[in-house]
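Trainee: below: sequence and its predicted model.
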Amino acid sequence: MSTGGNEGDPWWASAVVYQVYPRSFADADGDGIGDLPGLVNRLPYLSGLGVDAIWLSPFYPSPLKDGGYDVSDYTDVDPRLGTLGDFDALIDGARKHHIRVIVDLVPNHCSSDHPLFKKALAAPAGSVERALFIFRDGRGPDGGEPPNNWPSQFGGPAWTRVPDGQWYLHLFDSSQPDWNWRDPRVGAMFEEILRFWLDRGIGGFRVDVAHGLFKDPQLADVADVTLTNRPSAYYHRPEVHTVYRRWREILDSYPSDGFPGARTAVGEVWADSAATLKAYLADDELPQIFNFDLVRAKWSPTAVREAIETTHEFADGSRAPWVIGNHDVVRPVTRWGVDAARAAALLLLALPGSAYIYQGEELGLPEVEDIPDDARRDPTFRRTGGMEVGRDGCRVPLPWSAAGASFGFSRTDPDFDPAPPWLPQPPGWGALSVAVQSGDPGSFLSLYRAALRLRREHPALGVGPDGGDAMRWLDAPDQALFFARDPGFVFAVNLGDSAVPLPPHSAVLLASGPLGADGGGRATLPRDTAAWLTAGLQERPVLTAGVQERPVMCVRKIRAPSGRHGGADSGTAQGRNAGRARERAQPQARGRV
Ligand code: TEU
């Protein structure tokens with residue numbers, strides 16, 4: 001049931017994929033941690049929302065030093081989240097709702113609790129056990145200095161010393177040792193992991209840190225010790241492409257007919273340039289990689305247009321799905337403002353190709369910025385001594401109901417008192433709940449539901465009949481962006497401070513907020529508002545009559561955050577922490593490009 005598209009396009013080319021961060025989605029057993037049965041219970045909600053697939057963030061056994069991205073067993077389910085039987089029930093249940101499931105694969109590193117790392121620690125320097133990871137002697141007197149100057153993504157050095165004096169590499173937390181991909185046993189193991197989940201009927205993988213994996217064999221010092229996504233001694237090594245060619249063969253060896261159809265793999269690749277990104281999308285490599293240009297963009301007409309055009313320099317939106325948020329970045333409402341985030345949702349879903357929605361985006365949840373220090377879980381917070389607050393603020397458990405323990409996040413039967421959620425929910429969270437928003441035609445949720453329904457029905461949306469290039473810019477006032485998609489669709493967004501006239505149209509299909517009117521009674525687009533329009537005066541109606549005649553006019557329901565439009569890189573960890581870092585001493589230099 002994927003939206004838009006042409007015969008022959010794989011389902012994922014126009015899919016709307018909903019990211020589930022399982023520990024924060026829904027908690028069926030009441031232990032305060034979201035789980036797979038909780039997700040299964042909520043499949044009707046996702047089906048009603050109208051998504052084509054779920055991307056499930058890690059649900060594997062993990063000591064949770066990095067929210068599950070520290071995996072201690074790649075082929076099982078964390079007992080707090082359920083069992084493999086629950087996973088199979090999820091696949092079956094999702095299939096009944098025509099929803100595919102993409103799972104997160106974490107190949108750059110595992111958890112220090114992984115049995116193979118424990119064996120490596122117990123084995124001597126130079127052993128085959130240690131060869132699965134990157135162990136080295138240190139430098140300086142007694143080897144007391146790390147083997148090189150590489151930084152950890154989460155702050156501090158990328159090396160930790162073990163009792164016998166050697167050091168091991170971890171580009172992330174010290175609890176996340178990097179695999180040594182130059183040892184063939186690692187590649188063979190991951191191929192088995194791929195098959196394990198593909199055999200269970202998944203629609204594909206999201207590949208964590210897909211630009212990592214291989215490191216410079218000399219482990220040479222880097223000239224620039226700030227973090228960078230440029231090709232370097234630790235990122236974008238050419239050898240990584242051999243892995244994706246092999247994985248593509250495996251993906252393609254699974255039947256592409258029938259549900260779930262062709263399998264996909266979408267790489268999380270942070271890079272400095274279109275050229276670097278494009279290499280991953282060679283015909284025989286990853287089917288898709290995320291484009292993070294909208295996540296990084298300031299809410300301004302030039303920045304948003306540039307983000308779209310920059311993406312189109314390396315791919316269309318089918319191979320480089322659009323995204324405005326995820327579990328690593330500041331929520332759009334806080335980054336850009338409430339109205340702008342509503343407008344951005346209509347932009348996201350009008351662009352050609354595939355789009356990802358991070359759980360809670362459809363509720364307009366803001367970043368929770370006042371989590372007490374002792375409740376914070378993101379390792380970034382600890383590793384930077386609190387200089388960077390980390391990513392907990394976008395991972396707070398979802399509010400499902402207006403009131404009650406954890407606002408319906410946890411099981412709530414009468415005689416049961418659920419444990420508090422693993423991250424505290426702010427007071428007032430219930431006002432943003434699914435229950436409250438479901439009954440409000442002006443809510444964020446109603447806007448997303450209407451947009452997803454229209455996106456499914458309208459022939460110009462999704463991939464569109466002309467493939468991923470199916471949009472053309474229209475003349476617009478400087479502060480606005482207008483584009484057309486055939487047949488008969490126009491998108492308009494006003495990113496300026498004053499109202500602008502709507503482009504020529506015959507009907508308003510959907511608007512992110514109330515439209516205005518000029519002196520002559522013609523409709524105008526107020527600031528931070530977007531509209532979906534039917535183009536041309538002779539267009540025949542193609543959509544649900546009710547929606548056409550009465551566009552969804554949405555009113556502001558959520559308290560406005562303090563900053564309106566964010567800044568450059570406002571979605572990234574650096575942007576997230578800039579404010580706090582400014583308040584305290586010297587911000588740590590993290591010049592990622
Ligand atoms: O993120 C990889 C990564 O590089 C991020 O730190 C990214 O650069 C940053 O968030 C941009 O602001 C992935 C996962 O998405 C993240 O949750 C994990 O912590 C990380 O890998 C380690 O597995």
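Mentor: On my side now, so go ahead.
Trainee: and the lowest mean pLDDT element among the helices and strands of the chain?
Mentor: helix 545-549 (a mean of 32; mean pLDDT, DSSP states H and E).
Trainee: contact partners of whichever strand or helix holds residue 206?
Mentor: Using DSSP states H and E, the element containing residue 206 is strand 204-207. If you take C-beta atoms under 8 Å, 6 or more residues apart in numbering as the criterion, strand 204-207 is touched by 12, 55, 100, 102-105, 107, 194, 197, 251, 263-268, 286-287. From N, CA and C alone the C-beta is placed, and that goes for glycine too.
Trainee: could you say what helices and strands the helix or strand just after it packs with?
Mentor: Remark: after strand 204-207, the chain's next helix or strand is helix 240-252, criterion DSSP H and E. The helices and strands touching helix 240-252, judged by 3 or more C-beta pairs under 8 Å, 6 or more residues apart in numbering; DSSP states H and E, are helix 184-199, strand 264-267.
Trainee: of these, flag the one that's most buried.
Mentor: Neighbour counts (mean count of other C-beta atoms under 10 Å) averaged over each of those peak at strand 264-267, with a mean of 25.
Trainee: which parts of the stretch 301-450 of the chain are strands?
Mentor: Assigned by DSSP state E, counting those that start in this stretch, the strands in the stretch 301-450 of the chain fall at 322-323, 355-358.
Trainee: what residues does the stretch 51-200 of the chain have near the ligand?
Mentor: Within the stretch 51-200 of the chain, the positions adjacent to the ligand are 66, 69, 106, 153, 172 by C-beta under 6 Å from any ligand atom.
Trainee: tell me the one of those nearest residue 303?
Mentor: residue 153 (24.9 Å; C-beta to C-beta).
Trainee: who's in contact with the closest one?
Mentor: 171, 172, 227.
Trainee: per-residue confidence for it?
Mentor: On the pLDDT scale, residue 153 is placed at 92.
Trainee: give the closest residue to residue 409 in space, chain neighbours not counted.
Mentor: Closest residue to residue 409 apart from its sequence neighbours, by C-beta to C-beta, 6 or more residues apart in numbering: residue 397 at 4.3 Å.
Trainee: residue 80 contacts residue 37, doesn't it?
Mentor: No. Residue 80 is beyond contact range of residue 37, at 11.5 Å (criterion: C-beta atoms under 8 Å).
Trainee: sorry, back to before: neighbour count, distance to residue 389 and pLDDT added to the contacts of residue 153, as a markdown table?
Mentor: Formatted as a markdown table, the contacts of residue 153 follow (neighbours: other C-beta atoms under 10 Å; distance: C-beta to C-beta, whole Å; pLDDT from 0 to 100):
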| residue | neighbour count | distance to residue 389 | pLDDT |
| --- | --- | --- | --- |
| 171 | 22 | 21 | 97 |
| 172 | 25 | 17 | 96 |
| 227 | 25 | 17 | 82 |
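Trainee: tell me the residue of the stretch 351-500 of the chain that sits nearest the ligand?
Mentor: residue 391 (6.8 Å; C-beta to the nearest ligand atom).
Trainee: and that residue, how far is that from residue 25?
Mentor: 16 Å (C-beta to C-beta, to the nearest Å).
Trainee: again, but for residue 150
Mentor: 34 Å.
Trainee: who has more neighbours out of the two?
Mentor: Applying other C-beta atoms under 10 Å to residue 150 and residue 25 shows that residue 25 carries more neighbours, namely 26 against 23.
Trainee: and for the residue nearest to the more buried one when sequence neighbours are not counted, the neighbour number?
Mentor: Nearest residue to residue 25 in three dimensions, chain neighbours excluded: residue 34, at 4.4 Å (C-beta to C-beta, 6+ apart). Per other C-beta under 10 Å, the neighbour tally for residue 34 reads 29.
Trainee: now do the same contact list for residue 34.
Mentor: Contacts of residue 34 by C-beta under 8 Å, 6+ apart are 21, 22, 23, 24, 25, 26, 27, 81, 397, 409.
Trainee: okay, these in CSV with distance to residue 304 next?
Mentor: Below are the contacts of residue 34 laid out as CSV (distance: C-beta to C-beta, whole Å):
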residue, distance to residue 304
21, 26
22, 31
23, 32
24, 28
25, 29
26, 33
27, 37
81, 37
397, 31
409, 33
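Trainee: between the residues you listed, which has the most around it?
Mentor: residue 27 (32 neighbours).
Trainee: ok, the nearest residue to it once chain neighbours are set aside - contacts?
Mentor: In space, and not counting its chain neighbours, residue 27 is closest to residue 410: 4.1 Å by C-beta to C-beta, 6+ apart. The contact partners of residue 410, by C-beta under 8 Å, 6+ apart, come to 27, 30, 31, 32, 418, 419, 421.
Trainee: the residue lying closest to the fourth one once chain neighbours are set aside: how many residues sit nearby?
Mentor: Looking back up the chat, that one is residue 32. Excluding its sequence neighbours, the residue lying closest to residue 32 (C-beta to C-beta, 6+ apart) is residue 419, at 3.7 Å. Neighbour count of residue 419, defined by other C-beta under 10 Å: 14.
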